[in-house]
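Visitor: kindly generate the corresponding structure for this input.
(one chain, ligands or ions: 2)
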Amino acid sequence: MDVLALEAKTGNAGDSDKKSSSRPKPKPPKKAKRIVYFEVEIVDLKTKEKLLLLDKVEPTATVLDIKALFHKSYPKWYPARQSLRLDAKGKCLRDEEILQTLPVGTTASFYFSDLGPQLTWGTVFLTECVGPLIIYLMFYFHLPFIYSPKYDFTSSKHWVVHLACMCHSFHYIKRILETMFVHRISHGTMPLRNIFKNCGYYWCTAAWMAYYINHPLYTTPYYGQQQVNTGLYIFLFCQVGNFSIHVALRNLKQPGSKTKKIPYPTKNPFTWMFWLVSCPNYTYELGTWIGFTLMTQCVPVAFFTIVGFIQMTVWAKGKHYGYLKEYRDYPTLRSSILPFIL
Ligand SMILES: CCCCCCCCCCCCCCC/C=C/C(=O)SCCNC(=O)CCNC(=O)[C@H](O)C(C)(C)COP(=O)(O)OP(=O)(O)OC[C@H]1O[C@@H](n2cnc3c(N)ncnc32)[C@H](O)[C@@H]1OP(=O)(O)O
Ligand SMILES: NC(=O)C1=CN([C@@H]2O[C@H](COP(=O)(O)OP(=O)(O)OC[C@H]3O[C@@H](n4cnc5c(N)ncnc54)[C@H](OP(=O)(O)O)[C@@H]3O)[C@@H](O)[C@H]2O)C=CC1
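Guide: Ligands and ions are numbered 1, 2, ... in the order given. Next up, the predicted model:
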């Protein structure tokens, strides 16, 4: 059907200057344009066993189309679970790549590997953020069986404890809303194991932080109100900064698009950090937790800040080197996460 449609277009274009002649000349017979179909072989990456041979694949088929055809023969491997590569040691092909633009002849071999069970990104983000929100509040309200029974449902006498609860809740509500309304995430899914890693980290550290901050014997910061206020200002400043970067990153993509671009500062001064670092959202996230550590003066919060910083540094470096590799005109002043340092 595609062939016919193509021919009809070509035929019409040629006819346009013949319209002026009084006696219509007989049309030349249409030349059938031959589609060169591809033969696609799918081989198991580990065992090198041939799993499937697709013998008449359209050249315009995408990697996702091939995954769908493979899924028909192997129902347990739905497309999001499949990784296809051209080279056993190469990178996974992206779903939107087109067969005829790949560096293959008309016979293509793909190496298949199973990525394991997958979850949507939204599910993971929401689960990892709703948990800390609820867990923290359970400690804040002194639910039974957490502290001594005489403290059940009592309220702390320290203003900083209430402020910390507001800040913590605000942070996770912001992340939930951003997941729902701001981020345009391009990966459809991520490995199921991530939910255990991420939720284990977020939920356990939230409980650990909340236990100490809301403890009836909690000691307020050493430098008093001045320290709390400084921490609060840093926290709020960085929350606005982090949100501004998320909006700037969102605006780089059209809805539904997966195309990434070099992010640049916008009119919003909080995005000017893009002059100095590749991932200012991580820089602001770090600042948020430094502010919270200062405000609460609590060791588990400092631990959470350090682990998050290490993880974000690893990701930021990966993204930074990815930008440098992909874009020759990438701004050279930028570091990964900490201006001029890291
Ligand atoms: C008191 C108690 C304290 C407890 C403390 C515990 C401490 C433990 C420390 C743990 C720290 C954890 C910190 C987590 C902080 C989380 C913060 C967040 O909320 S961020 C938001 C959530 N984001 C993430 O979780 C990021 C997850 N992303 C990924 O994992 C990867 O992006 C990806 C695996 C989904 C894709 O990787 P990518 O680099 O984009 O793709 P590549 O093509 O380069 O592939 C690399 C490698 O991964 C394999 N892969 C790709 N896609 C998948 C997939 N969907 N499922 C499974 N595997 C996938 C691919 O095949 C490659 O494998 P390889 O063998 O190298 O070929
Ligand atoms: N406290 C902690 O320990 C941690 C907290 N976080 C928080 O979670 C937030 C989200 O984290 P994470 O998902 O890793 O952030 P990313 O910066 O990887 O992604 C955020 C969004 O921006 C998009 N994006 C990123 N770069 C580009 C680009 N060049 N062009 C177009 N779109 C782009 C992403 O799309 P795509 O899907 O295409 O990548 C995604 O939708 C962080 O900003 C931070 O606030 C994150 C890690 C650890």
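
Visitor: show residues contacting the helix or strand containing Leu69.
Guide: In this assignment (DSSP states H and E), Leu69 forms part of helix 63-73. Residues from elsewhere that reach helix 63-73 (C-beta atoms under 8 Å, 6 or more residues apart in numbering): 40, 42, 51-52, 54, 57-58, 77-79, 82, 84, 93-99, 110, 112. Any C-beta I mention is one placed from the backbone N, CA and C, and that applies to glycine too.

Visitor: same question for stretch 34-47.
Guide: By C-beta under 8 Å, 6+ apart, stretch 34-47 touches 2-3, 49-59, 61, 66, 70, 83-85, 88, 99-100, 104, 106-113.

Visitor: gap between the two ends of that stretch?
Guide: 36 Å (C-alpha to C-alpha, to the nearest Å).

Visitor: please apply the same query to stretch 96-109.
Guide: Taking C-alpha to C-alpha, stretch 96-109 runs 18 Å from one end to the other.

Visitor: number the residues from 56 up from this point.
Guide: All set: I'll call the first residue 56, so the last point we hit is now stretch 151-164.

Visitor: may I see the buried residues of it?
Guide: Leu154, Ala163, Ser164 (16 or more other C-beta atoms under 10 Å).

Visitor: in contact with Leu218, which residues?
Guide: Per C-beta under 8 Å, 6+ apart, neighbours of Leu218: Val283, Leu287, Met350.

Visitor: if you could redo that for Leu157, that was the one I meant.
Guide: By C-beta under 8 Å, 6+ apart, the neighbours of Leu157 are Leu141, Leu148, Ala163.

Visitor: quick check: the first one touching Leu148?
Guide: Yes - between Leu141 and Leu148 there is a contact at 6.8 Å, judged by C-beta atoms under 8 Å.

Visitor: identify the contacts common to these two.
Guide: Jointly contacting Leu141 and Leu148 under the rule C-beta under 8 Å, 6+ apart are Leu157, Phe165.

Visitor: between those two, who's got more neighbours?
Guide: Higher neighbour count among Leu141 and Leu148: Leu148, with 21 against 16, using other C-beta atoms under 10 Å.

Visitor: right, and that one touches Arg140 too?
Guide: Yes - applying C-beta under 8 Å as the test, Leu148 and Arg140 come out as touching, 6.2 Å apart.

Visitor: so what sits against both of the two?
Guide: Contacts common to Leu148 and Arg140, judged by C-beta under 8 Å, 6+ apart, are Phe165.

Visitor: the residue lying closest to Lys105 once chain neighbours are set aside bridge partners, please.
Guide: Computed as C-beta to C-beta, 6 or more residues apart in numbering, the closest residue to Lys105 that is not its neighbour in sequence is Val98, at 5.6 Å. Applying DSSP bridges to Val98 gives these bridge partners: Lys105, Tyr166.

Visitor: if we can go back for a sec, got the CA positions of the helix holding Leu124 in CSV?
Guide: In CSV, the C-alpha atoms belonging to helix 118-128 read as follows (Å, rounded to 0.1, in the frame of the first residue of the first chain):
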residue,chain,number,x,y,z
VAL,A,118,13.3,-0.6,16.6
LEU,A,119,10.0,-0.5,18.6
ASP,A,120,8.2,-2.1,15.6
ILE,A,121,10.8,-4.9,15.7
LYS,A,122,10.4,-5.3,19.4
ALA,A,123,6.6,-5.6,18.9
LEU,A,124,7.1,-8.3,16.3
PHE,A,125,9.5,-10.1,18.6
HIS,A,126,6.9,-9.8,21.4
LYS,A,127,4.3,-11.6,19.3
SER,A,128,6.6,-14.7,19.2
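
Visitor: chain center to the helix or strand following that helix, what's the gap?
Guide: Following helix 118-128 in sequence order, the next helix or strand is strand 137-140 (DSSP H and E). Centre-to-centre, strand 137-140 and its host chain are 19 Å apart (C-alpha atoms, centre = their mean, to the nearest Å).
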